[in-house]
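Asker: What follows is a predicted structure for the sequence shown.
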Amino acid sequence: MSNTDTHDPTSLRTPIVAVLGHVDHGKTSLLDKIRGSAVIEGEAGAITQHIGATAVPLDIISTIAGDLVDPDDFDLPGLLFIDTPGHHSFTTLRSRGGALADIAILVVDVNDGFQPQTLEALDILKRSQTPFIVAANKIDTVPGWSVNEDTPINDTYESQSDRVRQRLDEKLYEIIGNLSDEGFSADLYWRVQNFQRNVGVVPVSAMTGEGVPDLLTVMMGLSQRYMKEEMEIDVSGPGVGTVLEVKEEKGFGKTVDIVLYDGTIREDDTIVVGGQNDPIVTEVRALLQPRPLAEIRTESRFENVDEVGAAAGIKVAAPELGDAMAGAPVRVVRDRDLEDVIEEVQAELASIAVDTAEEGVVVKADTLGSLEAMADALDEAEVPIVRAEVGDVAPRDISVASTAEDPKQQVILGFNVDVLSDAEHRAETDDVTIFTDEVIYQLVEEYDEYVEGIEQAQQDTILENISRPARFRILPDHTFRQNDPAVVGVEVNSGTVQNNATVVKFEGNEPERVGQIKGIQEQGEDVDEARAGNRVSVAIDGPTVGRQIEEDDELWIQIPEKHAKILEQELADEIPADELEALNMYLDKQRSRDPFWGK
Ligand code: GDP
């Protein structure tokens, strides 16, 4: 195959490119366009379809880019675009602690601007310090645009009317402004001198191919200028890579699709792969590449190759891969000591490991890297994690989540994963709540809202079961009955008088129990409570008017010390201001006798 024919000891490998951006902003279309142009421009077979990736060699890039690229200026062999569909998070795939992608294209729809996944992608690029450029896509949708297929941006820009140019400029500057808000100094790519310090924005249309020559030129130039040293590898050395996906493949059992970023991998090589439990040691049975389109009629979609060199995407068939994890490292052992290689893999896994707590939520993610990103986000939000794993939400995750004591932790947070149908049923019966999303911070936000909801409900129940503070006064000439029970007219000064509450009166600062409220009437109607400002008649079981209580007396609802503590320390923000006032007056009285009362 094409990437096995270079065999000088050190050589420059192809930079690995990730294309990312918000859904529908044009990632797939852009890759299709690049692939399509490459197929049209190149000799048949010149671009190599890899597993999960497309390699575009330098000569094809220079043909597409026309005058913009002189192949003599470059010695990197081309670009390898990762294109696993649905892998929104492949930017979180890692290699030796860094990002797997050497360089990235962030696609932003000029009409739609920055969206949640754009921000998330930026955050990941920032954290992993991956150099990137922005493709400001869909320029052909600017009203009045006249299409010049596959031309460099300058040519097509010059041919537009003033109005159209102005409209496009406005949209581009908006994107530049958004980037600056996120802490990136950015400009239109032709104004950028130092691509390490500034982000270049390339206007493109994935539909018409306008600006695509520029995009490839900038990517190539950026790699050549800043990444040449990192691309120097020992091409015949033992291969190193990252698992993109773990897949069942007919006739092969569980296979792993990997991106190899260093050395070579051969049939019969012993490899060590990061697994859910211990590293997996196994032997390569077959290395599989997609068949060229022309040969698709044959029985298998794949063809065997003996050896592959970095950078490449390849499917590896080997026994025992059931436990392998997307995002985990893969290393070829070759002439080295197996134990050393196992240790290397373990060390790499440990660097991505998530700290778990005794109690917390269950987290599932599509790759090891995204699991780590989730864990970071949850750590920031102070959410503990009890179990963190790569993979879809399965019944055993429900079992773990359902044992949590705190209902806020009977929860599974899934990033870019599916919920298996038997897990869904179990979740319903076991009262486990599952959240899934494709944007990490949205997932964390959803969970936060859920927690707030639960806390609010908990507070509401506490409030229902707690004595509410109230201060009220017996109105003069409003004794309707002397005793058994005493019925008097009162005005509530502050707080809430509730039926069945206990009434006290302070003699100095000494509270004395008066009796219990056995009915409240407002304008002849029975009510459950009376609020500050209300005038109501209350029946109080216990006292006799003229003995324990008098007209004009100030009365209080009794607050048990425990309730006072909860009210003051946990619910002060929840209760109305007048009720808080009643509470504070009550506390003042109690604390003038005992300074630590209710503390
Ligand atoms: P992804 O979700 O980021 O992979 O986005 P897609 O590549 O699937 O594109 C989403 C939609 O936008 C599709 O309907 C595309 O045809 C359309 N689209 C993508 N790029 C362009 C473009 O440059 N111009 C126009 N007019 N439409 C585009």
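Answerer: Nice, I can see it.
Asker: Please count neighbours and contacts with C-alpha atoms only from this point.
Answerer: OK.
Asker: domains of the protein?
Answerer: The record assigns the chain these domain ranges, following the TED database: 10-232, 235-351, 361-461, 470-593.
Asker: Which of the helices or strands spans residue 477?
Answerer: strand 470-481 (DSSP states H and E).
Asker: ugh, typo on my part, it should be residue 457
Answerer: helix 440-464.
Asker: Would you mind pulling up the elements that that helix packs against?
Answerer: For helix 440-464, the packing partners by 3 or more C-alpha pairs under 8 Å, 6 or more residues apart in numbering; DSSP states H and E come out as helix 368-380, strand 411-415, strand 433-437.
Asker: near the ligand, which residues of the stretch 51-200 of the chain?
Answerer: Residues of the stretch 51-200 of the chain lying close to the ligand (C-alpha under 6 Å from any ligand atom) are 137-138, 140-141.
Asker: need the residues of the protein near the ligand, please.
Answerer: Within the chain, the residues that sit near the ligand (C-alpha under 6 Å from any ligand atom) are 23-29, 137-138, 140-141, 205-207.
Asker: how about those, which pair is most distant?
Answerer: 23 and 140 (18.6 Å; C-alpha to C-alpha).
Asker: Compare those two (neighbour count), which wins?
Answerer: Neighbours per residue, other C-alpha atoms under 10 Å: of residue 23 and residue 140, the larger number sits with residue 140, 21 against 18.
Asker: Does that one touch residue 150 like I think?
Answerer: No - in this structure residue 140 lies outside contact range of residue 150 using C-alpha atoms under 8 Å: 11.7 Å.
Asker: Can you check which residues contact both of the two?
Answerer: residue 208 (C-alpha atoms under 8 Å, 6 or more residues apart in numbering).
Asker: which residue sits closest to whatever residue of the stretch 451-599 of the chain ends up closest to the ligand, ignoring its sequence neighbours?
Answerer: Per C-alpha to the nearest ligand atom, residue 451 is where the stretch 451-599 of the chain lies closest to the ligand, at 31.4 Å. Of all residues not flanking residue 451 in the chain, residue 408 sits nearest, at 5.9 Å (C-alpha to C-alpha, 6 or more residues apart in numbering).
Asker: Please report phi then psi for the one you found.
Answerer: Per-residue torsions, residue 408: phi -70, psi -20 (degrees, to the nearest 10).
Asker: how much space between it and the ligand?
Answerer: Separation of residue 408 from the ligand (C-alpha to the nearest ligand atom, to the nearest Å): 34 Å.
Asker: now for the strand holding residue 477, which elements pack on it?
Answerer: Packing contacts for strand 470-481, counted by 3+ C-alpha pairs under 8 Å, 6+ apart, involve strand 486-498, strand 554-557, helix 577-593.
Asker: who's in contact with residue 327?
Answerer: Listed by C-alpha under 8 Å, 6+ apart, the contact set of residue 327 reads 93-94, 242-245, 367-369.
Asker: Try it again at 10 Å.
Answerer: With contact set as C-alpha atoms under 10 Å, 6 or more residues apart in numbering, residue 327 has these partners: 90, 92-95, 100, 241-246, 258-259, 274, 349, 352, 366-371, 390.
Asker: Filter those residues down to just the ones in helices.
Answerer: Judged by DSSP state H, the contacts of residue 327 include 349, 352, 368-371 as members of helices.
Asker: Quick check: of those residues, which lies closest to the ligand?
Answerer: The closest of the ones in helices among the contacts of residue 327, once distances to the ligand are taken by C-alpha to the nearest ligand atom, is residue 370, at 19.0 Å.
Asker: so the closest one touches residue 353, yeah?
Answerer: No - contact criterion C-alpha atoms under 10 Å: residue 370 and residue 353 do not qualify, at 11.4 Å.
Asker: Those two: who's more crowded?
Answerer: Between residue 370 and residue 353, counting by other C-alpha under 10 Å, residue 370 is the more crowded of the two (26 against 16).
Asker: Leaving out sequence neighbours, find the closest residue to residue 290.
Answerer: In space, not counting the residues next to it along the chain, residue 290 is nearest to residue 302; the distance is 4.6 Å by C-alpha to C-alpha, 6+ apart.
Asker: Tell me the spacing between the one you found and residue 317.
Answerer: Residue 302 sits 11 Å away from residue 317, taking C-alpha to C-alpha, to the nearest Å as the criterion.
Asker: Can you tell me the centre-most residue of the chain?
Answerer: Against the mean C-alpha coordinate of the chain, by C-alpha atoms, centre = their mean, the closest residue is residue 440 at 0.7 Å.
Asker: Can you show me the strands along the stretch 251-400 of the chain?
Answerer: With DSSP state E, counting those that start in this stretch as the criterion, the stretch 251-400 of the chain has strands at 253-262, 264-266, 270-273, 280-283, 286-290, 302-305, 307-309, 312-317, 329-332, 361-365, 385-390.
Asker: Can you give me the neighbour number for residue 537?
Answerer: 25.
Asker: Tell me if I am right that it is in a helix.
Answerer: No - counting by DSSP: H, G, I helix; E, B strand; the rest coil, residue 537 falls outside a helix, being strand.
Asker: For residue 292, give me the pLDDT.
Answerer: pLDDT recorded at residue 292 is 67.
Asker: Report the distance from stretch 221-236 to the chain centre.
Answerer: Computed by C-alpha atoms, centre = their mean, to the nearest Å, the chain-centroid distance of stretch 221-236 equals 31 Å.
Asker: in that stretch, what's buried?
Answerer: Across stretch 221-236, burial judged by 16 or more other C-alpha atoms under 10 Å covers 221-224, 227-228, 231, 233-236.
Asker: Also stretch 131-150?
Answerer: Applying 16+ other C-alpha under 10 Å to stretch 131-150 flags 131-141, 145, 147-148, 150 as buried.
Asker: Among those, name the ones in helices.
Answerer: Among the buried residues of stretch 131-150, no member falls in helices (DSSP H).
Asker: give me the beta-bridge partners of the closest residue to residue 55 other than its chain neighbours?
Answerer: Nearest residue to residue 55 in three dimensions, chain neighbours excluded: residue 80, at 4.3 Å (C-alpha to C-alpha, 6+ apart). Under the criterion DSSP bridges, residue 80 forms beta bridges with residue 16, residue 55.
Asker: quick one: contacts for residue 80?
Answerer: Residues in contact with residue 80 (C-alpha under 10 Å, 6+ apart) are 13-18, 48-50, 53-57, 101-102, 311-313.
Asker: Which pLDDT value belongs to it?
Answerer: 93.
Asker: so who does whatever residue of the stretch 51-200 of the chain ends up closest to the ligand touch?
Answerer: Using C-alpha to the nearest ligand atom, residue 138 is the residue of the stretch 51-200 of the chain that sits closest to the ligand, at 3.3 Å. By C-alpha under 10 Å, 6+ apart, the contact set of residue 138 is 25-26, 107-112, 203-210.
Asker: Would you mind measuring from the residue nearest to residue 144 when sequence neighbours are not counted to residue 535?
Answerer: Excluding the flanking residues, the one nearest residue 144 by C-alpha to C-alpha, 6+ apart is residue 164, at 6.1 Å. To residue 535, residue 164 is 71 Å away according to C-alpha to C-alpha.
Asker: re the thing from before, residue 302 and residue 317: which is more packed in?
Answerer: Between residue 302 and residue 317, counted using other C-alpha under 10 Å, the more crowded position is residue 317 (25 against 17).
Asker: just so I have it, where are all the strands in the stretch 51-200 of the chain?
Answerer: Secondary structure of the stretch 51-200 of the chain (DSSP E, counting those that start in this stretch): strands at 53-57, 78-82, 94-95, 98-99, 103-109, 132-137, 186-188, 199-203.
Asker: which strands and helices sit next to the fourth one?
Answerer: Judged by 3 or more C-alpha pairs under 10 Å, 6 or more residues apart in numbering; DSSP states H and E, the packing partners of strand 98-99 are helix 116-128.
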